[in-house]
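Trainee: fold the stuff below for me.
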Amino acid sequence: MQKTDPAYFDYAATCPPWPEALDEFVRISGEYFGNPSSGHFIGTKAKTKLLELRKRFYDLLKFLDGHLLLCASASEANTTIIEGHLSKFEKAHLLIAEDVHDSIWYAVKNHSKSIKVLGLQNDGSINSSALVKALDHGISLVCLSHTCHETGVIHPVQELANVCHRLKVRTLIDGVQAIGHLQVDLSEIPCTYYSFSGHKFGTPKGVGGVLIRDHDFEPRIQGGKQQWNLRAATEDLAGLAALCKALEKSQTEWEAESQRLTELRNLLITNLTKNRKISVNSPTNGMPGLLSLSVKGISGHELAAALSLAGYAVSTGAACQSNLIEPSRILLAMGKSREEAIGSLRISLGRANTHESVQGLIHAFLEIIN
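Mentor: Have a look, this model is predicted:
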């Protein structure tokens, strides 16, 4: 099996699957190929395995009071909850944090009359008192991220979800960048919905879902009675097996890997910020392996392209459509200048990155800027 290139620094976009997760995906695909909805013994065998794997996934996240709704991605999961909520409740109003992923943010444009935006502090955090104030205006669903996919800010989701729970408001938390990278304990986070995507922590692509504590939303995919009539499609049994295996691997290695990634991240900050053109957008207590930078006078897209030519894969924080470069909406929401928001770059570290490959990235980064 080909090893991941140590010059790959875009783990927040996707990470290589764990070999053990791939092996489990193949094994379950062969041994339990039956449709769990079929009444014969082959289908019953698959159904029994499905129930076993669901229980295993719940236990890994300490999720004790709800169901797992398997989807093809977190984007589908988020859309399912948002559109399903708006369809179910005629007078629904949503409160959406400014740093959510586009799979939630789309609703700000598509359903503008039903949406209110929850602003960020200058450090990218969410103020719980501002949340309480915003909830006085008929909000029926709050949409938050556990961690910001661009800056790595870790939000106090337990506190924020408790606020919503106390006021009887549903909460959707996007946990895409958290599961597999933080020790997530859902018994302590009273959110209504928690979405995730497996390829962010080591499964094959196409495996995701949302953990739900109520069924009060209209299904988006119709045609069958699978998954409590909430998503018509044959359940991805092999994908669920890969989810469990990848999450087990990630949790086992979490403590040592978090410390290692923090050290590599600090190495980047120490060396890159010697250049006065470079500023840091991420907090010191954010995600261990995620770093957002801005470079004065250079667009993030130009820098990412130059680094790619030099053999290093990084991501940009700004959005690009055709020849039009738009500044990062998240950095603008944090009070950053347009120049800083256009010059932003995201470096996200992972399993294959080493001290040597980080030193190489630092050298290439500074050489390109100079």
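Trainee: mind giving me the packing neighbours of the helix or strand hosting residue 133?
Mentor: Element membership for residue 133, per DSSP states H and E: helix 128-134. Applying 3 or more CB pairs under 8 Å, 6 or more residues apart in numbering; DSSP states H and E, we find helix 128-134 packed against strand 115-118, helix 157-166. Backbone N, C-alpha and C define where each C-beta goes, glycine included.
Trainee: residue contacts, residue 124?
Mentor: Residue 124 makes contact with 99, 148, 151, 153, 281, 283, 330, 334, according to CB atoms under 8 Å, 6 or more residues apart in numbering.
Trainee: please flag which of those sit within helices.
Mentor: residue 330 (DSSP state H).
Trainee: out of the contacts of residue 124, who's nearest residue 115?
Mentor: Closest approach between those and residue 115, by CB to CB: residue 99, at 15.0 Å.
Trainee: in contact with that closest one, which residues?
Mentor: 120, 124, 145, 148, 150-151, 153, 330, 333.
Trainee: for the protein, which spans come out with low pLDDT?
Mentor: Counting by pLDDT under 70, the chain contains low-confidence ranges at 1-3, 318-324.
Trainee: again, only using 90
Mentor: Per-residue confidence for the chain (pLDDT under 90) gives these ranges: 1-5, 127, 136-138, 316-326, 370.
Trainee: which residues of it fall in helices?
Mentor: 19-31, 41-61, 74-88, 102-110, 128-134, 157-166, 226-229, 237-272, 300-309, 329-333, 338-342, 355-369.
Trainee: so which elements touch the first one?
Mentor: Okay, so that is helix 19-31. helix 237-272.
Trainee: give me the angle between the helix it packs on and helix 41-61.
Mentor: For helix 237-272 against helix 41-61, the angle by axes from the mean of the first three to the mean of the last three CA atoms, to 10 degrees is 30 degrees.
Trainee: mind listing what's buried in helix 237-272?
Mentor: By 16 or more other CB atoms under 10 Å, the buried positions in helix 237-272 come out as 237-251, 257-258, 260-262, 264-265, 268, 271-272.
Trainee: ok, back up a step: what about the helices of the chain, which gets the closest to residue 287?
Mentor: helix 237-272 (8.5 Å).
Trainee: now that closest one and helix 19-31, what's the angle there?
Mentor: Using the same axes, to 10 degrees, helix 237-272 lies at 170 degrees relative to helix 19-31.
Trainee: could you shift the numbering so residue one becomes 673, and keep it that way?
Mentor: I'll keep to 673 as the first residue from here, and by that count the last item is helix 909-944.
Trainee: what's the spacing between helix 909-944 and its chain's center?
Mentor: When distances are taken as CA atoms, centre = their mean, to the nearest Å, helix 909-944 is centred 14 Å away from the chain's centroid.
Trainee: ditto for stretch 753-771
Mentor: Here stretch 753-771 is found 19 Å from its chain centre; the criterion is CA atoms, centre = their mean.
Trainee: quick one on the thing from earlier: how about the helices of the chain in TSV, adding distance to residue 889?
Mentor: TSV is the format used below for the helices of the chain (distance: least, CB to CB, whole Å):
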stretch	distance to residue 889
helix 691-703	29
helix 713-733	20
helix 746-760	3
helix 774-782	14
helix 800-806	21
helix 829-838	16
helix 898-901	11
helix 909-944	21
helix 972-981	37
helix 1001-1005	27
helix 1010-1014	34
helix 1027-1041	43
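Trainee: among these, which is nearest residue 677?
Mentor: Comparing the helices of the chain by CB to CB, helix 1027-1041 comes nearest, at 8.5 Å.
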